[in-house]
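Colleague: Pasted the sequence and its predicted model underneath.
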Amino acid sequence: MKRSKLKLYGFNNLTKTLSFNMYDVCYASTEEERKKYIAYIDEQYSAERLTGILQKVADTIGAQVLNIAQQDYDPQGASVTMLIAEEEVEKQDVVAHLDKSHITVHTYPEMHPQDGICTFRADIDVSTCGKISPLKALNFLLRSFEADIVITDYRVRGFTRDVKGKKIFIDHRINSIQNYMAPDLRHAYDLIDVNVYQENIFHTKMLLHDFKLDNYLFDMTEKDFSPKEVKRIRRLLKQEMYEIFNGRNMPAIKD
């Protein structure tokens, strides 16, 4: 049944924030290959390309871009911050939007000092106020990064009022971030929810279903390793992924 449209007193100042930690895991067998992997990630996720992704996010949620700041870092990593508004604004109104609506991304390539495991993490925040919703960008961002592990949070903060003065702490139906996820993405991952409904806080962890070793090897294939090495590399990769997914160090996986 379609819900009647809320009639508000003044501006809808509910703040809605969608946050991601997205992880890509890879095995690079030598120091040279690990350096090549980091260089590849830096090229693939440069500040320029990340800016393009965030501009598409703004278009997807129907936001007006006010300002963009971007930075590549040495030796690796990039950051982009984009200030947005619900609609086109007059110059004198810009300040009112600075602390309310923004999109940011920060990247963190790193590697295990001994085992050849390399991990790329992208942290993304889409924060809006008013009618526009960051949830509209959920599927686009998941598809843009094709991550092995995703830790995502959605939170609605503050309140607005209807015309009679009654406080409204959330203006849409939701009991899980999965409600807004495309079916093909839901089916591609193992998902766990940890939600605090009374606080309008929603948390979903995602771990990719399929594990094909060739997808995790940089500049090599499974055929380049002995069966014993294949078993060891598979164990190392799964250990890394399970620990990231569970958010803690875990007992070693046995061969």
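Modeller: That came through fine. Residues are numbered from 1 along each chain as shown.

Colleague: so how far is Asn13 from the residue of the chain most remote from its centre?
Modeller: Computed with C-alpha atoms, centre = their mean, the residue of the chain farthest from its C-alpha average is Lys164, at 37.7 Å. Distance of Lys164 to Asn13, given as C-beta to C-beta, to the nearest Å: 17 Å. Glycine gets a C-beta too; all of them are placed from N, C-alpha and C.

Colleague: Could you list the low-pLDDT ranges of the stretch 101-250 of the chain?
Modeller: Nowhere does the stretch 101-250 of the chain drop to pLDDT under 70.

Colleague: all helices for it, in order.
Modeller: Secondary structure of the stretch 101-250 of the chain (DSSP state H, counting those that start in this stretch): helices located at 138-145, 183-188, 227-246.

Colleague: winner for burial among these?
Modeller: helix 138-145 (a mean of 19; mean count of other C-beta atoms under 10 Å).

Colleague: what's the offset of it from the middle of its chain?
Modeller: On the basis of C-alpha atoms, centre = their mean, to the nearest Å, helix 138-145 sits 8 Å off its chain's mean C-alpha point.

Colleague: For the helix or strand hosting Ile84, C-alpha coordinates in PDB please.
Modeller: Secondary structure from DSSP states H and E places Ile84 in strand 78-85. Output of strand 78-85 as PDB, limited to C-alpha atoms (Å, rounded to 0.1, in the frame of the first residue of the first chain):
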ATOM      1  CA  ALA A  78      43.800   9.000  -2.900                       C
ATOM      2  CA  SER A  79      41.100  11.100  -1.300                       C
ATOM      3  CA  VAL A  80      38.100  13.000  -2.800                       C
ATOM      4  CA  THR A  81      35.600  15.200  -1.000                       C
ATOM      5  CA  MET A  82      32.500  16.500  -2.700                       C
ATOM      6  CA  LEU A  83      30.100  19.000  -1.200                       C
ATOM      7  CA  ILE A  84      26.500  18.600  -2.400                       C
ATOM      8  CA  ALA A  85      23.100  20.200  -2.100                       C
END
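
Colleague: Nothing else from me, thank you.
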